[in-house]
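**Q** pasting the sequence and the predicted model now:
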Amino acid sequence: MAPKPLTIAITGGTGFLGRYVIEQALAQGHSIRAMVRNPEKVESFKHDNLTWIKGGLGVADADICEGADAVIHLAGLIKARRKEDFYRINGKACGVLGAVAEKARVKRFVLISSMAAREPDLSHYAGSKRAGERALQNAFAGKIAIIRAPAVFGAGDEATEPFFKLLGKGLLPVPGGGGWKDRKISMVYAPDLARDIVRTAVTGCYDGEIASPANIPNATWEEFADLCTKAAERKIRVIPLPKTLLYPVGAVTSISSRFLGMGHLTLDKLGEFLHADWSSETLISDPTPPIEALKQTMASYRDA
C-alpha cells in the first residue's frame, strides 16, 4: 500500500541533496512547501504539488511549516568565515525552526545532520551540527529522526566534482600521516539517501533514532580505491598527502576562508579529514551497488 500523501516542509531544497529529496517526495505523491532565497533559481523547477516560498531560515520558517505534516531540514553551512556563523545557522537556526514547527503542530521533524556531529570537538562545523541536534531536541516535542549523513556523492555536486574528476584521471589523493591505511570512511549515494529520507524517515521508521545509512558503510581508502578501479575500469592510484603538506595548505586556506570566503580545507576542517573512523553500521535500504553508483557519478562529471 502506498503511503498517505503528506504536506512536507523542506529547507535547503535548492541544494545538491535537496533537489533529489524534492523530486523523490513529489514522485511519492507528497505536497511540498520549500524555501528559496532567490526565486529565479527555481523558475524551471515547477510542479503542481510544489510551492516555493521566498525567504531563508528565520524568515520563511512559519510560512513553510503552515499546514505541514512533517519538516525535512536540509539547509546549513558546510563552510563559513567564522565559528559564530556555523553556530548561528547550523545550531541556533535549527532550534528556531524546531520551535516554529512545534507551534504549527507539525508531527514529525527529520533533521539531516552530519556524521561529523558524533565528534563535535574536531571542528567548528562538527560542533555546530551537534549543537543543532540538541537545539532541535530542546525545541520540538514531536517525533524526531536525525540522519547523520556520511559523505554524500552523486551527480550535480559542485563540492565533490574536483574529487571525482581526479578519479577519472586515475588519481585518489587522500590524507596521509601515520595510520592512514587504517582510516575508515563511509559514503552514501545521493539518490538513495533522498529515497531513504522520504520513504523511511518521513514515514516514521527512524523516529527517536540517530541513523547514518550508507552505500559504502565501512571502507579503508585502499578498499575505496579498489571500488573506484572497478567503476572506472582503470587503475586508481592512491596518493597519500603528507601532513607536512596538509598543514601549510590548511593554514593558507584558513586565511583565505576568513577574509575572502574562499577554500574548504582549513586547519579547522583538517581535523575531520584526519579522523581515524568515519564508518557507519547501517547499510541503506535497497542500495544502488557501490560500483554502479560510483560509475554513474564519474560518468556525470566526465560528460559535463
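**A** Right, received. Where do you want to start? Here the structure is a predicted model, which is why all the values come from computation and not from measurement. Residues are numbered from 1 along each chain as shown.
**Q** where are the low-confidence patches of the stretch 101-250 of the chain?
**A** 247, 249-250 (pLDDT under 70).
**Q** please redo it, this time with the cut-off set to 50
**A** Low-confidence segments of the stretch 101-250 of the chain, defined by pLDDT under 50, are absent.
**Q** does residue 137 touch residue 143 like I think?
**A** No. At 11.6 Å, residue 137 does not count as touching residue 143 under the criterion of C-beta atoms under 8 Å. C-betas here are computed from N, CA, C, even on glycine.
**Q** quick check, residue 239 in a strand?
**A** Yes. Counting by DSSP: H, G, I helix; E, B strand; the rest coil, residue 239 falls inside a strand.
**Q** use 15 as the first number from now on
**A** With 15 as the first residue, the last one maps to residue 253.
**Q** helix, strand, or coil at the nearest residue to it once chain neighbours are set aside?
**A** Of all residues not flanking residue 253 in the chain, residue 187 sits nearest, at 4.7 Å (C-beta to C-beta, 6 or more residues apart in numbering). Local secondary structure at residue 187 is given as strand here, using three-state DSSP.
**Q** neighbours around residue 187, how many?
**A** Per other C-beta atoms under 10 Å, the neighbour tally for residue 187 reads 14.
**Q** ditto for residue 283
**A** Count around residue 283 with other C-beta under 10 Å applied: 23.
**Q** need the CA coordinates for whichever strand or helix holds it. PDB is fine.
**A** In the assignment (DSSP states H and E), residue 283 maps to helix 281-287. Extracted C-alpha coordinates of helix 281-287, given in PDB (Å, rounded to 0.1, in the frame of the first residue of the first chain):
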ATOM      1  CA  LEU A 281      43.100  23.900   9.700                       C
ATOM      2  CA  ASP A 282      39.700  23.500  11.500                       C
ATOM      3  CA  LYS A 283      38.400  21.200   8.800                       C
ATOM      4  CA  LEU A 284      41.600  19.200   8.600                       C
ATOM      5  CA  GLY A 285      40.800  17.500  11.900                       C
ATOM      6  CA  GLU A 286      37.800  15.800  10.200                       C
ATOM      7  CA  PHE A 287      39.900  14.600   7.300                       C
END
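**Q** helices or strands up against that helix?
**A** Judged by 3 or more C-beta pairs under 8 Å, 6 or more residues apart in numbering; DSSP states H and E, helix 281-287 is in contact with helix 138-153, helix 257-274.
**Q** let me see the mean pLDDT of it.
**A** Helix 281-287 carries an average pLDDT of 84.
**Q** so what does the helix or strand following that helix touch, helix or strand wise?
**A** Using DSSP H and E, the helix or strand that follows helix 281-287 in sequence is strand 296-297. Applying 3+ C-beta pairs under 8 Å, 6+ apart, one finds that strand 296-297 makes contact with strand 227-228.
**Q** quick check: the nearest residue to residue 149 once chain neighbours are set aside vs residue 102, distance?
**A** Excluding the flanking residues, the one nearest residue 149 by C-beta to C-beta, 6+ apart is residue 109, at 2.9 Å. Applying C-beta to C-beta, to the nearest Å, the value for residue 109 to residue 102 is 11 Å.
**Q** these two - which one has more neighbours?
**A** Using other C-beta under 10 Å as the criterion, residue 109 and residue 102 rank with residue 109 on top: 19 against 16.
**Q** how far does stretch 215-233 sit from the chain's center?
**A** 13 Å (C-alpha atoms, centre = their mean, to the nearest Å).
**Q** ends of that stretch, how far apart?
**A** The straight-line separation of the ends of stretch 215-233 (C-alpha to C-alpha, to the nearest Å) is 25 Å.
**Q** what do you get for stretch 199-211?
**A** So stretch 199-211: terminal residues 21 Å apart, C-alpha to C-alpha.
**Q** repeat for stretch 285-298
**A** 27 Å.
**Q** list the buried residues of stretch 48-57.
**A** By neighbour count on 16 or more other C-beta atoms under 10 Å, the buried set for stretch 48-57 is 48-50, 56.
**Q** swap that for stretch 117-137, sorry
**A** Neighbour counts over stretch 117-137 (16+ other C-beta under 10 Å) mark 118, 120, 122-134, 136-137 as buried.
**Q** how far away from the center of its chain is stretch 160-177?
**A** Relative to its parent chain, stretch 160-177 has a centroid offset of 6 Å by C-alpha atoms, centre = their mean.
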